[in-house]
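K.L.:
Any chance you can model this:
(chains A and B)
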Number of protein chains: 2
Amino acid sequence: MKILRCATFDQLNDPQVQQMDKRNNILSQVEELLLFGNALADASRALILEQMHSGFSVALKIDKSLVTNTDKAAEILLRNLISTKYPAHSVIGEELVNTAVNSPFVWYLDPIDGTEEFVNGMPTFGSIISLHYYGEPVVGIIDHPALDVRTVSAYRRGTFCNGYQSHLNYCPSNENIRLGISKKANFFRRGDQTRTFDKLTASFPNIRIFDSCFAYTCAANGSLDAMVDFNVRSWDISASKIAVEEAGGSFVVIDSSSLDPLISRYSIVFGKSEVVKEIINSLKE
Amino acid sequence: MKILRCATFDQLNDPQVQQMDKRNNILSQVEELLLFGNALADASRALILEQMHSGFSVALKIDKSLVTNTDKAAEILLRNLISTKYPAHSVIGEELVNTAVNSPFVWYLDPIDGTEEFVNGMPTFGSIISLHYYGEPVVGIIDHPALDVRTVSAYRRGTFCNGYQSHLNYCPSNENIRLGISKKANFFRRGDQTRTFDKLTASFPNIRIFDSCFAYTCAANGSLDAMVDFNVRSWDISASKIAVEEAGGSFVVIDSSSLDPLISRYSIVFGKSEVVKEIINSLKE
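P.N.:
As a prediction, the model looks like this:
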C-alpha cells in the first residue's frame, strides 16, 4: 500500500536509502522519464487509433469485463519499449501476466481504461501510464486518443492538460459540486455498497458517470470538482494521485482490500481538497 | 403534445390537410430542409469553436442554470439564418423570447445543450437543431463541435452519425444494458422523484451520466442501449425522437407537465425498442 499511502518522498522511511538521496536522484531524472512517458503515450495512441479504424476482436475476461486484441497489443508494445530503454525497471500491467517487482522503478500500465466504451464507440476511454519510484508516483499520464486530450504530470513539475497547467484551488459551494462517480455496478463488486452510492448521489446530486478514465482527467484538470471510485485496481488509479497532487488537490484511499497492489481493489476520493474533505465527511456520517 | 406523441404522419388527424398530402409534401422537401439543417449546424459550430478559444462570459438564469453570451449569439445567428431562408417558419429556442407559433413548420433550437459542461471545459456539450412539421419532427441534428461528432436524421432518410448509418436492432441481455440517465438533481425538479432514480440505477446498474446531449447522441447511435431523462424541455429532446425512430428504435414520453411545448417539462425513455420496453416495465413495478 506504500504506492498509494505515501504523501511525499519526505515521508518515506527506508533504512537503506536516504530520503534526500532518493529525492535528489529522482529530481535529476524526472525530465528524461517524463519525455519517455510521453513517447509511450504517443506509441499507444498511434496503435489504438490505427486499430479503431482497421478493426479489433473482443473477448470476455474471467471477471466478465471486456478485453480486445488492441488492449493486449498496446500493452505488449509499451512493455517492449520500456524493457528496451530501461531493462532494469519493473512493469505491472492490466492485461498480461505480471512478475515480481524487483526494481525501485515500477511502471503501471492500463493500455485501454474503459474497454467497454472503446468497444461501443465512445471516445472517453484512455491509456493510463505511470512510473512509481520506491512506491511513490513520479510520472503520471492519462491519454485519450479519440479525444486528442492528454494529461501529464511529474514530480515537482505540475500537471498539464493539453499544455494548460491545472490548478485545483477554486472550490464551489456544496450545492454546486460537480462530482464524478463510479457506475452503481462498481459498488456491488465487494459486498453490497449500494447504500453508499445512494447516499453520495443524494448528498451530491450534480453527478457525472463516464465509466472510464475521462472522469479522472476531468478531476485532474478541475472540470469536475472531485471523483469517487469504488473497487478499482492499482493500474486504474496509478496516474491520478500525482496528477491531482501536482495540481494542488488531494488524493485519499478510503478503503483497500489488500496490501499487494497486484491484487488489491481500492476505493478512492480525489480532486479539489475542500471537496474531497466534504465527501469523506459525508461518507462518515 | 402533438409534437411528441404522434408516432408517424399516418397517425396525424388534421381535418384541414389530408395526411397523404402532408406526407408527400414533406417527402419532396426533406432533402432541401436537411441540407439547410446541416448548414445551420455548420454555422453554430464555427461560432461556438471560435468563442471557446477567444473566451465568453457566463451568467446565471432564473432557474439557476448557466448561460453564456455564446449560447445567445448562436441562437441569434440561427434565427437570422432561418428567417432569411424561410421567413414563414416559426422558431422556438431556449435562450430568446419565443413568439406564438403560426406556421406548420417549427424549428426547435438549443444552441448549447450542456452549458455547464461548456463552461467547465468538457467536450460533451452540443447544439440541438430540429424541424417539426404539423407537430411531427422531420429533421433532427445533434452536433458536438468540440468532439467533431454530428448525428443527422430526416424523415424516411435514416439516422447517420459522422456518415455511419445507425441501426438500433441488437438488444443486449438485461444485465448488460448500458443505460444513460439524467443526473440525480434532475429528479428533484418537480416534486421528489429521487426514488425513481434509485430504483432505475438498482435495476440497471451499468449507467452513464453525461448531463448533456452527448448521451442522446450515444442512444441514437447505439453506443448506449437507452436513455432516461427526467424533467427536460422541448428543445432538449426535439431531435432525439426522429433520430432514434429513423434508426429503428423507440421514443416514449412517460410524463409531461403541460400540453404547451413552450413551457412543458418532459420525462422520456428512448433507444433500442426492447430495452425501452424493459425500462418502462421496471418503472411501472
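K.L.:
Following the chain past the helix or strand hosting residue A:229, name the next helix or strand.
P.N.:
Following DSSP states H and E, one finds residue A:229 within strand A:226-232. Following strand A:226-232 in sequence order, the next helix or strand is helix A:234-237 (DSSP H and E).
K.L.:
quick revisit: what helices and strands are in contact with the strand holding residue A:229?
P.N.:
strand A:179-181, helix A:194-203, helix A:214-221, strand A:266-271, helix A:273-284 (3 or more C-beta pairs under 8 Å, 6 or more residues apart in numbering or on different chains; DSSP states H and E). No exception for glycine: its C-beta is placed from N, CA and C like everyone else's.
K.L.:
please redo it, this time with the cut-off set to 6 Å
P.N.:
On a contact count with 3 or more C-beta pairs under 6 Å, 6 or more residues apart in numbering or on different chains; DSSP states H and E, strand A:226-232 meets strand A:179-181, strand A:266-271, helix A:273-284.
K.L.:
Check the secondary structure at residue A:80 for me.
P.N.:
Residue A:80 falls in the helix class when you classify it by DSSP: H, G, I helix; E, B strand; the rest coil.
K.L.:
Around it, how many other residues sit close by?
P.N.:
Per other C-beta atoms under 10 Å in any protein chain shown, the neighbour tally for residue A:80 reads 11.
K.L.:
same check, this time on residue A:49
P.N.:
For residue A:49, using other C-beta under 10 Å, the count is 13.
K.L.:
Mind pulling the model confidence for the residue nearest to it when sequence neighbours are not counted?
P.N.:
Spatial nearest neighbour of residue A:49, chain neighbours left out: residue A:145 (5.1 Å); criterion: C-beta to C-beta, 6 or more residues apart in numbering or on different chains. As predicted, residue A:145 sits at a pLDDT of 98.
K.L.:
now residue A:145: how far from residue A:24?
P.N.:
From residue A:145 across to residue A:24, the span is 36 Å (C-beta to C-beta, to the nearest Å).
K.L.:
Then residue A:86?
P.N.:
19 Å.
K.L.:
try residue A:136
P.N.:
14 Å.
K.L.:
of those two, who's got more company?
P.N.:
Each of residue A:136 and residue A:24 has its neighbours counted (other C-beta under 10 Å); residue A:136 has more, 24 against 12.
K.L.:
Give me the pLDDT for the more buried one.
P.N.:
With respect to pLDDT, residue A:136 has a value of 91.
K.L.:
Going by neighbour count, which residues of stretch A:148-155 are buried?
P.N.:
Within stretch A:148-155, the residues that qualify as buried are A:149, A:150, A:151, A:152, A:153, A:154, A:155, counting by 16 or more other C-beta atoms under 10 Å in any protein chain shown.
K.L.:
contacting residues around the fourth one?
P.N.:
The one in question is residue A:152. Residues in contact with residue A:152, defined by C-beta atoms under 6 Å, 6 or more residues apart in numbering or on different chains, are A:141, A:160.
K.L.:
So which residues of the stretch 1-150 of chain A form helices?
P.N.:
In the stretch 1-150 of chain A, the segments counted as helices under DSSP state H, counting those that start in this stretch are A:2-5, A:19-54, A:69-85, A:115-119.
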